[in-house]
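1. mind looking at a prediction? Sequence and model below.
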Amino acid sequence: MKKIITLNVNGNDYEIAVRDNRTLLEAIREECNFTGTKQGCDVGDCGSCMVLIDDIPIQSCLTLAVSSQGKKIVTVEGLAKNGEPHPVQKAFDDCGGAQCGFCTPGFLITSKNLLDQNTNPSVDEIKDALSGNLCRCTGYTKIIEAVQVASKALN
Ligand code: FES
Ligand code: FES
């Protein structure tokens with residue numbers, strides 16, 4: 001039996017019908033059509049499904065859609081403002097921080113949150129913040145560099 005719920009995603013309300021066991025990841029991809037958030041491991045290990053929930057990066061594969069009502073959800077599609085990419089998106093592009101790109105939305109969400117909390121993070125702080133995000137392609141060096149470049153742009 002499905003329930004009608006309202007999710008606030010990227011500043012807009014979406015009224016959707018979901019079963020109790022529908023994950024937030026499935027709901028934002030399949031009911032709200034924000035497919036930037038990726039379904040990787042589906043068990044909380046890879047970070048490709050990371051979204052901001054009330055400004056905290058959370059694995060949407062481990063979160064139920066029904067428990068996400070009344071919260072402010074931001075996906076990678078919500079990072080750009082007025083048609084301009086967020087500085088962290090521009091830095092990933094400029095530094096080659098994405099290769100296949102599958103992990104990138106999760107990294108962008110986590111990096112944006114880190115820079116909101118700490119505008120000048122050290123390399124160790126960047127590594128610590130991104131420790132829940134896995135990438136099979138880049139070797140991480142360019143990702144860390146991109147966060148440093150974004151940090152300089154924001155300062
Ligand atoms: S898909 Fe959610 S952590 Fe991997
Ligand atoms: S760029 Fe391919 S998994 Fe990270």
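-> In hand now; what should we look at? Ligands and ions are numbered 1, 2, ... in the order given.
2. give me the neighbour count for the closest residue in space to Gly36 that isn't next to it in sequence.
-> Closest residue in space to Gly36, ignoring its immediate chain neighbours: Val76 at 4.0 Å, by C-beta to C-beta, 6 or more residues apart in numbering. For glycine as for every other residue, the C-beta is placed from the backbone atoms N, C-alpha and C. For Val76, the neighbour count with other C-beta atoms under 10 Å is 24.
3. what of Val51?
-> Neighbours around Val51, by other C-beta under 10 Å: 27.
4. can you tell me the closest non-neighbouring residue to Asp93?
-> Of all residues not flanking Asp93 in the chain, Pro85 sits nearest, at 7.5 Å (C-beta to C-beta, 6+ apart).
5. OK, contacts around the residue nearest to Gly36?
-> Contact analysis of Val76 by C-beta atoms under 8 Å, 6 or more residues apart in numbering lists Gly36, Thr37, Thr104, Pro105, Leu108, Ile109.
6. let's verify the fifth one: helix, strand, or coil?
-> In this case it means Leu108. helix (DSSP: H, G, I helix; E, B strand; the rest coil).
7. and stretch 42-50, which residues are buried?
-> For stretch 42-50, a neighbour-count test (16 or more other C-beta atoms under 10 Å) marks Cys46, Gly47, Ser48, Cys49, Met50 as buried.
8. quick one: stretch 94-112 near ligand 1?
-> No. Residues of stretch 94-112 are not located near ligand 1 by C-beta under 6 Å from any ligand atom, the shortest gap being 7.6 Å.
9. what mean pLDDT does that stretch have?
-> Mean pLDDT, computed over stretch 94-112, is 98.
10. quick one on the thing from earlier: same list (the contacts of Val76) but as a markdown table, adding neighbour count.
-> Formatted as a markdown table, the contacts of Val76 follow (neighbours: other C-beta atoms under 10 Å):
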| residue | neighbour count |
| --- | --- |
| Gly36 | 18 |
| Thr37 | 24 |
| Thr104 | 26 |
| Pro105 | 26 |
| Leu108 | 28 |
| Ile109 | 28 |
